[in-house]
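S.K.: What would the 3D arrangement of this be:
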Amino acid sequence: MGRARRFQWPLLLLWAAAAGPGAGQEVQTENVTVAEGGVAEITCRLHQYDGSIVVIQNPARQTLFFNGTRALKDERFQLEEFSPRRVRIRLSDARLEDEGGYFCQLYTEDTHHQIATLTVLVAPENPIVEVREQAVEGGEVELSCLVPRSRPAAVLRWYRDRKELKGVTSGQENGKVWSVASTVRFRVDRKDDGGIVTCEAQNQALPSGHSKQTQYVLDVQYSPTARIHASQAVVREGDTLVLTCAVTGNPRPNQIRWNRGNESLPERAEAVGETLTLPGLVSADNGTYTCEASNKHGHARALYVLVVYDPGAVVEAQTSVPYAIVGGILALLVFLIICVLVGMVWCSVRQKGEWGRGQIQRRVWLVVASRRGWGLEPDLTEGGRRSRIGNLRPRSRKGRVFRSSILKGVQGWS
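M.R.: I've put the predicted structure just below:
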């Protein structure tokens, strides 16, 4: 049984019929809802009680208590209170068969009775999650989730990586309880192996915000991969080299085969599972070594080229940074430098061009003024100081008009 908990539905008051004209209310009861295995309290409130007989009966009309005295030998029912104002009984370990109407009867000149309805809910247990068939990478997996007993029918939800999955739910009523099932399908890859899929069940019998969950660990089978790791980067004659074949796969390959091209392994070589040990290396051990692994989904092979150097040979260890990356960085730096140089040359040429154009305009103006006999005097106006044709102006009005037109044109070019 689940943890006992009592659920109180909104109060429903049932008023007893009056014994005669002007008579007051005699008995009042309350409906009760409880979870299976929980504790329920059934209360009868008495009004204008005069010491008459009070009888409490179960849904089968069996008398539980007669004026405070136990009449039915069911220890789950206990009399908690018997007073002129209230009769209260306590039911422990509530069961589905306890559900129904409990009669509270008061025997005065006329019989008065009311019914307290007891409703028993069934909380779902942890869902049962099963896989229909073995999942293989690139295919689909179908999972089923079953809650065999619940009341009301449980609501089932699927979650994967904290995201809800859309499932197909069906239910079947078995007597007073429901059996609910849900299925979900989705594609899987090798990276999904070991992932968690959760089935969650909820209904009103559980506390608010609580649920029953079952987690399923995905078992996705896939073809193997292999990679060889060497114990050292540079080997010389006399060294001992250990090669390790790192293998992955599901199911994991249980046998690894070592070879050396078309030749047999050196006699000194020791191949044990994923490890190949080559002691006392000599130049004759040079060659391409391979490790192979397979399972029912595929085959994997890894290569290692062994080069044994002389004891005194100077060999640079292979850099960990690929040459392509270094070359790319250098190319980017050269490109940036070229862009800066081009910009500097363009700015310099532009400035020199403007200065040369101003000098030519100034010389033209001086030649025209001298040939026409215009006397020149210093031009102290702002336009004269800023013009490219010099800061001299003619004394005659005609010369000044000509110079003004030239000055406006020059300012328009700038």
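
S.K.: Mark out where each domain of this structure begins and ends.
M.R.: 6-121, 128-218, 224-309, 325-413 (automatic domain parsing).

S.K.: Columns mean neighbour count, mean pLDDT and distance to residue 315 on top of these, output as a markdown table?
M.R.: For the C-beta atoms, the positions are set from N, CA and C on the backbone; glycine is no exception. Putting these into a markdown table (neighbours: other CB atoms under 10 Å; pLDDT from 0 to 100; distance: least, CB to CB, whole Å) gives the following:
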| stretch | mean neighbour count | mean pLDDT | distance to residue 315 |
| --- | --- | --- | --- |
| domain 6-121 | 16 | 82 | 77 |
| domain 128-218 | 16 | 96 | 38 |
| domain 224-309 | 16 | 94 | 5 |
| domain 325-413 | 13 | 65 | 20 |
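
S.K.: thought residue 151 was touching residue 204?
M.R.: No - with contacts counted by CB atoms under 8 Å, residue 151 stays clear of residue 204, the gap being 9.0 Å.

S.K.: shared neighbours, these two?
M.R.: Shared contacts of residue 151 and residue 204, defined by CB atoms under 8 Å, 6 or more residues apart in numbering, comprise residue 121.

S.K.: mind listing what residue 56 touches?
M.R.: Per CB under 8 Å, 6+ apart, neighbours of residue 56: 42, 44, 63, 64, 65, 87, 89, 102, 103, 104, 105.

S.K.: Quick check: strands, which of those are part of them?
M.R.: Among the contacts of residue 56, the ones falling in strands (DSSP state E) are 42, 44, 63, 64, 65, 87, 89, 102, 103, 104, 105.

S.K.: With distance to residue 267 as added columns, please give the residues you listed in a markdown table.
M.R.: Below are the ones in strands among the contacts of residue 56 laid out as a markdown table (distance: CB to CB, whole Å):
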| residue | distance to residue 267 |
| --- | --- |
| 42 | 90 |
| 44 | 98 |
| 63 | 97 |
| 64 | 93 |
| 65 | 96 |
| 87 | 98 |
| 89 | 91 |
| 102 | 92 |
| 103 | 97 |
| 104 | 98 |
| 105 | 102 |
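
S.K.: now the helices for the protein?
M.R.: 323-371, 382-386, 397-413 (DSSP state H).

S.K.: Pairing partners for the nearest residue to residue 287 once chain neighbours are set aside in the sheet, please.
M.R.: Residue nearest to residue 287 in three dimensions, not counting chain neighbours: residue 260, with 4.8 Å by CB to CB, 6 or more residues apart in numbering. Beta-bridge pairing for residue 260 (DSSP bridges): residue 263, residue 289.

S.K.: residues contacting the residue nearest to residue 229 when sequence neighbours are not counted?
M.R.: Residue nearest to residue 229 in three dimensions, not counting chain neighbours: residue 244, with 4.7 Å by CB to CB, 6+ apart. By CB under 8 Å, 6+ apart, the contact list for residue 244 reads 228, 229, 231, 274, 275, 276.

S.K.: pretty sure the fifth one contacts residue 246?
M.R.: This points to residue 275. No - between residue 275 and residue 246 there is no contact, the gap being 10.7 Å when judged by CB under 8 Å.

S.K.: quick check, nearest of the contacts of residue 244 to residue 182?
M.R.: Minimum distance to residue 182 across the contacts of residue 244 is 42.6 Å, recorded for residue 274 (CB to CB).

S.K.: what sits against the closest residue to that closest one other than its chain neighbours?
M.R.: Leaving aside its sequence neighbours, residue 274 sits nearest to residue 245 (CB to CB, 6+ apart; 4.7 Å). Going by CB under 8 Å, 6+ apart, residue 245 touches 226, 227, 228, 256, 258, 274, 275, 276, 291, 293, 302.

S.K.: And those residues, which is closest to residue 250?
M.R.: Proximity to residue 250 was ranked across these by CB to CB; first place goes to residue 293, at 12.3 Å.

S.K.: before we move on, back to that, tell me which of the contacts of residue 244 fall in strands.
M.R.: Going by DSSP E, the strands hold 228, 229, 275, 276 from the contacts of residue 244.
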